Structures are given as structure tokens and as C-alpha cells.
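J.: Let's see this in three dimensions:
(4 chains)
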Number of protein chains: 2
Amino acid sequence: MSSEKTASAVEVPPARVRQAAPTIRQVAALAGVSRATASRAINGGHLVSDQARAAVEAAVASLGFVPNPVARSLATRRTGSVALVIPEPNTRVLTDPFFASAINGMARAVEESDLQLVLLIARRDGWSTRTSRYLTTGHVDGAVIASHHRDDTLNRTLVESGLPVVFIGRPLDVPPSARYVDTDNAHAAQLATEHLITRGHRRIGTVAGPADMSAAIDRLAGWNAAMDAAGLRADAVVHGDFTAAGGATAMARLLDEHPDLDAVFVATDLMASGALGELATRGIRVPDDLAIFGFDDLGVAETTDPPLSTMGQPIEDMATRAGEILRDLITGVDVPENPVTFPARLILRDSA
Amino acid sequence: MSSEKTASAVEVPPARVRQAAPTIRQVAALAGVSRATASRAINGGHLVSDQARAAVEAAVASLGFVPNPVARSLATRRTGSVALVIPEPNTRVLTDPFFASAINGMARAVEESDLQLVLLIARRDGWSTRTSRYLTTGHVDGAVIASHHRDDTLNRTLVESGLPVVFIGRPLDVPPSARYVDTDNAHAAQLATEHLITRGHRRIGTVAGPADMSAAIDRLAGWNAAMDAAGLRADAVVHGDFTAAGGATAMARLLDEHPDLDAVFVATDLMASGALGELATRGIRVPDDLAIFGFDDLGVAETTDPPLSTMGQPIEDMATRAGEILRDLITGVDVPENPVTFPARLILRDSA
DNA sequence: TTGTACGCGTTATCAG
DNA sequence: CTGATAACGCGTACAA
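T.: Here you go, the predicted structure:
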């Protein structure tokens, strides 16, 4: 049964809601040239006579022609947009200043090129399916992955797919060729620990992060290096989970096992904030009884009591650099080898 | 020579950098069916014999075929993605909890449909060109505009382009048919003012927002209505610019012109926070000497001194609803007429 | 139920 | 410099 399709001799264009966009064919016809010439005039503009170009430009203006980006993408195999992927574990997206900084940085990098920034919020459970598929099926020309949290096995899938990808933060479980930008976590942690040593502390513990996250691994290594270099015993280590609550728990255990500590390097401001709460509960004064040193400086360090001395990460600059590297990767420009590391800044407040 | 039958078994695909993605043609060949049948089997699955479908599915699996979304878009004239546009005036993007809530809400709405959320950060100066073009040239199927700040003349361009659009916050200068979700600002402001009246205040002023923003207009109207209904003189009005500094300035002027005020309804928590600073400077106690009532409850109201009594906007719910309306607009489902308003919640803290 | 053939709007190739 | 014409990969009337 054929639907309401009635044979009509007069070609009536199907009533579409959106106004019919003029095609390059109409431009070419109006300008009196071929589609190919019209296309050339509209794009590069090379190899076209001034006369033809003028005619095409006039036609474009009069018709209000705008190239269809989908058709263009199909022909060029490029979409002109890049993704910033934010794998967010909990429901509270973007309240984390880390992400705000990353977005700002990427936006800055993309602003000068003619790329469009597409932000992908990837809830962790769906990350393996929808987002991954979106990225690997030609929707974007490349992606920056803000792998703030626990590294995903999907990272590997992504780089192996051949899509140009740059990570913010060294990814684990990925071919060493994978590009990334990162804070020099080890060196920064070493600086922080050395600062504590310089201040006269000798029994220095650390609340490290999860053992399967690169930032945690590197920061622990830096603390270790500084302790070794100073001939101090590096035995007071407890792992937390990068949350405030985890920091409190870890600090409690650290104190129970090593009551003689006079300073603690905490791998994250967020964990440090939790640790401060635990210390307050126990009546331990900071920094008088125990010095605390954090890491990140993405907002929480300023508002704790006392404000945290910490190592500041230049997240926004890192994201900008990641965007630039991605751009070069896409356009085929040679990009520097890994690692691309950024120095952290020593920020002294009241806690150490 | 019909291109349909040029398929040759020895066709060697040109060596491309990215791994050659299998096309539906190869799937059809391997399954021993035509492209059309393969396409039908892959999509709806209707009108295909079980045998053919099985063959196609096997071929898809063995080849790892994934439809090229660009080609699909070109054929269907749908992209499968929607934009959330965030016009951000200053460089600090997303530190505003308004945006975080909006993003979360949209993400929730989009999660259940098969749409992809594309976040567009539109710096104001570029908003007129790149973002607008991106939206109107078929990159997305529709957009939600989080017009938190001053209304843009481009809003009109957008709705006139025919792109399905839903605004968060009533837009000005736009055909009345434009869909939007909004807080019932007038009613909420009236409730706030009535609360002040109930508490015994009689000389109630207001720090209103910019006269060209709908939220400001509506809230001022609500304050007016409450004052009129109570037979109180509604003459103490000063306009601020929706910033903390503007709130301080406006409060100063209000106090100078009307020293007898015993309560002030401030159209925004942010302005109220500035106002509180001005009051502290003058040694005016809140709420004892002067009661202050705010609007928004998007984070700042809890941290002021004293914490602000305010009208809470359900931004996240609004964004979710906006996303749902957009989805219906795109799929042709009937959507409810304007206005789609959400009630604000009266939140009592210490300032009034 | 299946297959043919055309359309989607551009860009790229390759003779003139 | 220009113009046919072939990709690009897929969806889908229409006919069989």
C-alpha cells in the first residue's frame, strides 16, 4: 500500500521544516561555472581565475550558501572537531576544578585553530561502549583524554584504534608511544619532601594514592627519592584512595603505626583536607605538632584550616599543550617525543 | 559503466594510515546479499529474512564493521548529536555552578536517548560567528542554550534558522514560539518578598538585575506584585549588574537613598554577597538591622556570612527537561506549549 | 523479501 | 585554468 504519495507532474519539493539549504550545484549554476570550479573558488581559491572566483563569490553571497559540513567530511575524511573526554566516576560532574581548568586550557588551544571542541562526559560504565564507539567511528579527528581518575583499560583500545589521542596525565597500560602531558610528579614530590627536610623535619611519612594510578606512583617515588637522598628512613607509607574520607582513614592508620611522625606528605589536597579533619579530631595541631604538605592546588588547598602548603599543578597550561600536540598530530606536524612534563610550583601556606 | 557492479574481488584498498574501516559493501559481499539488504539488517532489521539477517550479522561480526556516522548523516540528514551551548562572558568557564548543574541535567536527559551531548563553549565575541555557524550548518540536530547571562541577539538568528532550540531561561527578543524552560521568577520573587512581609518588615527595597535580562525583569515584577498586594510603597529600587561588585555598589546607593529600609530582596545571591560586604563595612548587622533575601542557591548562598536565605532554582531539573523537550522537538513528538516553568524553593538560612 | 539505482553535497582526479 | 566524472559510505524509494 503506497502511502500518500500521489503522482504529480509538477515537481513539488517535499515540504521540509528546515529551509532548504542551497547547494554548491546551485552556486555553480548561478555563477555559470562547474561544481568543481565553484568548489575550488570556495575553498583554497587557488587555480581559479579572478573572474570565475568573483562570479562564484557573488553567487555564494546572493544564495547565502554555506557548505554542508557533513558532505564535506565525507569527502575529506576529516570532521574538523576534536573531543575532550572527561571520564567522571560519580554523578557530580565538573564540580571538580581539575575539569574546569582542563576545559579552559583545551578551549584556548582550539580557539586559534579552526577546530571545534566537543566535550564528552563519559560516565564510567558507559565509557566502554558509547563514548569509545563515538570516538573510534570518525565523529572527531582526535581526542584529549583527561584521565584524572583511575586509568581505564579502554585507554589502550583507544590508542590502538589509531585515533590521534593525547592524554592529560601519564596513562598506564598503554604503548609507550602514546602521547601525554603530565606534571613532573616525581620531581615535584621530591621538592615537597625536600622542603619538609629543610624545615628540620626528620620523621616524614606519606599518604600515597592508589597504587595503580600513575600520579600516585610517581609522587610516592619522588618522596622516596628525597628520603633516600637525605638518608632518612622511608618506611611510613599508607595508601589512600584520593578522596577526603580516604585521606582521613589513611592518616589515622599512619599515626597509629608511626606515632613519632613530625611531617606528612599527602599526595593530594583532597586527601590532605580529610587528614586535617582527622588531626583536628585528635587534637594534633598543624603545623606545630605535625606538618602537612599537599599536592594539586586546584581550589581546596586555599580553603582548608589551616590552608595547605602544596605543589601546584598547571593544569590549564597542560591542557593547552595537549590540545596543541593533538592539533599537530592531526595535521601531521612532527610533535615532540614523550614525556612532555610541566613543573609544579611550590606554594607555601600555613600547614608546612 | 554502472558503479554498482564494478566490485572486483581483487580490489586492493589504497593504503591508508588509519586502519581501513570495512564498508557495508564488504559486509554485503561477505554475507552474499545486496547492500540494501545489509543496510536493512543492520538498522531496523525489518523486512529481512532471518537467514539474511544472520548472514549479515555474522559478516558484521567477522569484519568488525561499524557504520560510518558521517555517511549515515549525509543520507539521513541527522547527526545524532545535540549541543549544549554555554555563552560564557569571562575567561573563567564552568567555575559557575550554574553551568555544572546545566551540564549534569542535560547529560541525564541525553543519557537515555541515543543522542550524543556536544558541549559548546561560546566565548561571547566568537559566538556570533563560529558557534552560530556550527549550529546552523547541520553539525547537530538541535541545541539547548543556557542563556544565563545577558541575552544575545543571536538567539533570534538561531531560532529563525529553524534549528530545534530550547532555551534555559526565558530569552528576550525572540519569537514567542521559541521553547524555553525557566524558573517562575516572578512568583518566586513574590514569595520571597511575602516572606519578608510576614516576618514583619515594611520598608522593603530591592536590588534588581539588568533591565534587559528576563530573569531580572521577572523578579522585579514579582517584588512589585508582593509590595502592591500588601499596600506597601515599592519605591526603593536600584539596578545592579549581576556581579558581586555590582551588588555592593547597588546596596550602597540603595542605603543612601533610602536609609529607613529594614529589608532588601536582592535578585541574585552573587549580588547579595557583595551587598553583605558593603553592609559589613558600614557596620550594619544582618539580619538584625537589615534583612537580606537572595536568589539562586547555586553554591554561594551557603558560604556567605551570614548564610543567605534565598530562592533555590532547580537548574539541573530544568536542564533535564530542556533536553527532553529538545529530543521531542527533534523526533517530531508534540511538545507542551510555553511556558514550562519550575517552582523555586524557599530556603531559609540566617540572613532573613 | 530482495536487489537496483539514485540521492545526499563535496572534494579529488584527470583529461582538455 | 576548467569541466566531466568518479569517489566518499550509506539509506531508501521503487521495482521485481
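J.: CA only for contacts and neighbour counts going forward, please
T.: OK.
J.: Quick check: which element contains A:Arg285?
T.: Secondary structure assignment for A:Arg285, by DSSP states H and E: no helix or strand.
J.: That one - how many residues pack around it?
T.: 15 (other CA atoms under 10 Å in any protein chain shown).
J.: Give me the pLDDT for it.
T.: Listed pLDDT for A:Arg285 reads 97.
J.: Quick check: phi and psi on the closest residue to it other than its chain neighbours?
T.: Closest residue to A:Arg285 apart from its sequence neighbours, by CA to CA, 6 or more residues apart in numbering or on different chains: A:Leu279 at 7.2 Å. Main-chain torsions, A:Leu279, degrees, to the nearest 10: phi -60, psi -40.
J.: and if you look at A:Ala208?
T.: phi -90, psi 170.
J.: list the contacts for it?
T.: Applying CA atoms under 8 Å, 6 or more residues apart in numbering or on different chains to A:Ala208 gives the contacts A:216-217, A:219-220, A:237-240, A:266-267.
J.: Of those residues, which belong to helices?
T.: A:216-217, A:219-220 (DSSP state H).
J.: Scan these and report the most crowded one.
T.: Highest neighbour count within the ones in helices among the contacts of A:Ala208: A:Arg219, with 27 neighbours (other CA under 10 Å).
J.: Next one, pLDDT for that one please.
T.: In this model, A:Arg219 carries a pLDDT of 98.
J.: same thing with A:Pro13?
T.: For A:Pro13, the model assigns a pLDDT of 32.
J.: now do A:Arg123
T.: At A:Arg123, the model reports a pLDDT of 71.
J.: For it, list each beta-bridge partner.
T.: A:Glu88 (DSSP bridges).
J.: any idea how far it is from B:Arg321?
T.: Using CA to CA, to the nearest Å, A:Arg123 is found at 20 Å from B:Arg321.
J.: So for these two, which residue has more residues nearby?
T.: Counted by other CA under 10 Å, A:Arg123 and B:Arg321 do not tie: B:Arg321 has more neighbours, with 22 against 19.
J.: Quickly note the distance from the residue nearest to A:Arg285 to A:Asp288.
T.: Counting by CA to CA, the separation of A:Leu279 from A:Asp288 is 12 Å.
J.: low-scoring pLDDT stretches of the stretch 101-250 of chain A, where are they?
T.: A:124-128, A:148-151 (pLDDT under 70).
J.: residues in it within reach of chain B, list them.
T.: A:103-104, A:107, A:117-121, A:137-139, A:161-163 (CA under 8 Å from any CA of the partner chain).
J.: Would you convert those into TSV that also reports secondary structure and distance to DNA strand C?
T.: TSV is the format used below for those (DSSP: H, G, I helix; E, B strand; the rest coil; distance: CA to the nearest atom of the strand, whole Å):
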residue	secondary structure	distance to DNA strand C
A:Ile103	helix	29
A:Asn104	helix	30
A:Ala107	helix	25
A:Leu117	strand	20
A:Val118	strand	21
A:Leu119	strand	25
A:Leu120	strand	27
A:Ile121	strand	30
A:Thr137	coil	17
A:Gly138	coil	15
A:His139	coil	16
A:Ser161	coil	23
A:Gly162	coil	21
A:Leu163	coil	20
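J.: What is the most widely separated pair among the residues you listed?
T.: The largest separation in these, counting by CA to CA, is between A:Asn104 and A:Ser161 at 27.1 Å.
J.: closest point of the stretch 101-250 of chain A to DNA strand C, which residue?
T.: A:Asp114 (14.3 Å; CA to the nearest atom of the strand).
J.: about what we covered before: would you write a PyMOL line that selects the buried entries of the residues of the stretch 101-250 of chain A next to chain B?
T.: Burial among those is assessed by 16 or more other CA atoms under 10 Å in any protein chain shown; the matching PyMOL selection reads:
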select buried, chain A and resi 103+104+107+117+118+119+120+121+137+138+139+163
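J.: can you list the residues of the stretch 101-250 of chain A next to chain B in TSV and add distance to B:Gly209?
T.: Formatted as TSV, those follow (distance: CA to CA, whole Å):
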residue	distance to B:Gly209
A:Ile103	29
A:Asn104	28
A:Ala107	30
A:Leu117	32
A:Val118	32
A:Leu119	31
A:Leu120	34
A:Ile121	33
A:Thr137	46
A:Gly138	45
A:His139	41
A:Ser161	51
A:Gly162	51
A:Leu163	47
